[in-house]
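Generate coordinates for the sequence data below:
(one chain, ligands or ions: 1)
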Amino acid sequence: MSNELSHELRELRREFGMAVLLITHDLGVVAENADVVAVMYASRVVEVATVEELFDHPKHPYTEGLFRSIPKLGAHMQRLDTIPGTVPNPARFPTGCKFHTRCHRTRALAERADPSQTVEVTSAGERFKVLKRCNVEEPDLREVQPKHWAACHQIDGYDAAPVTEPTLAHHRTIVPRVVTGAAGIIGGNGQPLSGAAMPKQEVAS
Ligand code: SF4
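Residues are numbered from 1 along each chain as shown. Here you go, the predicted structure:
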């Protein structure tokens, strides 16, 4: 989305007090425009939070993967991190959590888990272990913290968290912080963000 279009949308919102629903893969667009973010994977909402909370404390492994794939100012990397594998064919979604064939969290936990709690799967030509629960049980979207919803069995407190309606009335309050001695701005999580992902302050309408 161009800066001009982004600016026009903000002006329209301010002038008419209207809500705008943006559907995008571009976290820069999210950072610049969103008050509330719903992250979707394989046809399901897997995380909902305010834009500030999501950028500071992502909880779902897919959201974490999206943030890891953003270029960081000042970081010296040969290649960007990517989420392994590809989005599954909707006609053949995986059983259980639809993200389990690509999820770094279930793989890491399965390495340390009792073998009776794990199962081997094959994805993108690779064979690896995941947690059995991730392979068989699709997680609900739960309010894992007040006003923060996520669908992942492996979040602290997930099993005790309530299933509530993910509704948020919120206006963003992100304030950019200039990194001293470097040409960049860091997000609320202290991580330098790329030019495309810099949150900007917006006056609430
Ligand atoms: S439920 Fe399991 S596979 Fe799904 S996101 Fe959480 S850890 Fe990963």
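
Kindly report the residues of the protein close to the ligand.
By the criterion of C-beta under 6 Å from any ligand atom, the positions of the chain lying close to the ligand are 60-61, 97, 99-100, 103, 105-106, 134, 139, 152-154. Just so you know, the C-beta spots here come from the backbone N, C-alpha and C atoms, and that holds for glycine as well.

could I get these as CSV with pLDDT, neighbour count and secondary structure?
Output for the residues of the chain next to the ligand, formatted as CSV (pLDDT from 0 to 100; neighbours: other C-beta atoms under 10 Å; DSSP: H, G, I helix; E, B strand; the rest coil):
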residue, pLDDT, neighbour count, secondary structure
H60, 98, 28, coil
P61, 97, 26, helix
C97, 98, 28, coil
F99, 97, 27, coil
H100, 97, 26, coil
C103, 97, 26, coil
R105, 97, 21, helix
T106, 98, 29, helix
C134, 98, 28, helix
P139, 98, 22, coil
C152, 98, 23, coil
H153, 98, 20, coil
Q154, 98, 18, coil
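
can you list those in CSV and add distance to G17?
As requested, those are exported to CSV (distance: C-beta to C-beta, whole Å):
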residue, distance to G17
H60, 31
P61, 36
C97, 39
F99, 37
H100, 42
C103, 40
R105, 40
T106, 43
C134, 43
P139, 36
C152, 35
H153, 40
Q154, 40
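
how far does stretch 138-150 stretch from start to finish?
12 Å (C-alpha to C-alpha, to the nearest Å).

Could I get the buried residue list for that stretch?
Within stretch 138-150, the residues that count as buried by 16 or more other C-beta atoms under 10 Å are P139, L141, R142, E143, V144, Q145, H148, W149, A150.

Show residues contacting it.
Stretch 138-150 is contacted by residues 44-50, 53, 57, 59-60, 96-98, 151-153, 155-158, 161-164, 166, 168 when judged by C-beta atoms under 8 Å, 6 or more residues apart in numbering.

what about the longest helix in the chain?
Assignment by DSSP state H gives helix 3-16 as the longest helix of the chain.
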